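Visitor: one predicted model, sequence on top.
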Amino acid sequence: MREKNLMLLRHPETEANVKGLWTGRGNTPFTDLGLLQIELLAEEIVRFAPDSIFSSPLERTVTVAKRAAAAIGIPAHVDERFTELDFGAAEGLTIEEAHAIGIDFDFRSQDTPVAPGGESRRDILVRTAAAIDEVLDVGDRVAIVTHGGVFRAALVHVLRLPTEAIWAFHIRNGQIAELQLADGWARLEEFRCV
């Protein structure tokens with residue numbers, strides 16, 4: 001495999017992020033900071049000069065991807081596999097609200113859903129790994145606008161970390177990772193927030 005460059009970006013801040021709501025599959029409005037981060041993240045993608053841009057289908061990611069793609073003059077590709085972890089019965093709730101109605105979270109098990117009716121750690125790792133491998137075949141410089149869970153899963157896969165490491169990263173809104181990959185190795189070049 002020739003050298004590849006991958007940029008991962010977490011979406012801008014939303015009202016659900018500020019309120020502490022588990023929002024995997026739903027849409028939520030941007031905060032004022034989030035609106036600023038749309039522009040900053042798009043500028044970072046333009047600076048990176050990817051030959052391909054991908055995002056989840058959710059508004060909080062696709063907005064950034066489309067803005068950057070339009071500035072560069074390439075399409076923004078939407079891929080369902082880059083959608084956030086499905087939080088099942090906890091969707092739209094705070095952790096306190098979830099606990100109050102008897103929802104327990106399981107972040108340790110590889111195969112048990114994180115919340116009832118949702119996805120497990122293995123689910124998000126498997127779908128993210130398949131998507132990453134596929135998009136890296138598309139071009140040499142790839143940008144992916146996604147969510148915290150997918151971002152973590154992508155780092156675990158690309159850097160060949162143990163699956164338990166998925167929870168080892170604090171991925172903030174507006175987080176960016178730039179990685180360099182070649183035969184048998186990957187290196188984290190940049191890890192920052194806008």
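Guide: Received the coordinates, thanks. Numbering: from 1, shown residues only.

Visitor: so who does the nearest residue to residue 93 once chain neighbours are set aside touch?
Guide: Excluding its sequence neighbours, the residue lying closest to residue 93 (Cβ to Cβ, 6 or more residues apart in numbering) is residue 22, at 5.8 Å. C-beta: built from backbone N, CA, C; applies to glycine. Residue 22 sits next to 87, 90, 91, 92, 93, 94, 95, 98, 115 when contact means Cβ atoms under 8 Å, 6 or more residues apart in numbering.

Visitor: please repeat the previous calculation with a cut-off of 6 Å.
Guide: Residues in contact with residue 22 (Cβ atoms under 6 Å, 6 or more residues apart in numbering) are 87, 90, 91, 93.

Visitor: which two from the residues you listed end up farthest apart in space?
Guide: 87 and 93 (8.3 Å; Cβ to Cβ).

Visitor: looking at those two, which one has more neighbours?
Guide: When neighbours are counted by other Cβ atoms under 10 Å, residue 87 and residue 93 differ, and residue 87 comes out ahead with 26 against 19.

Visitor: pLDDT wise, what is that one at?
Guide: Looking at residue 87, its pLDDT stands at 94.
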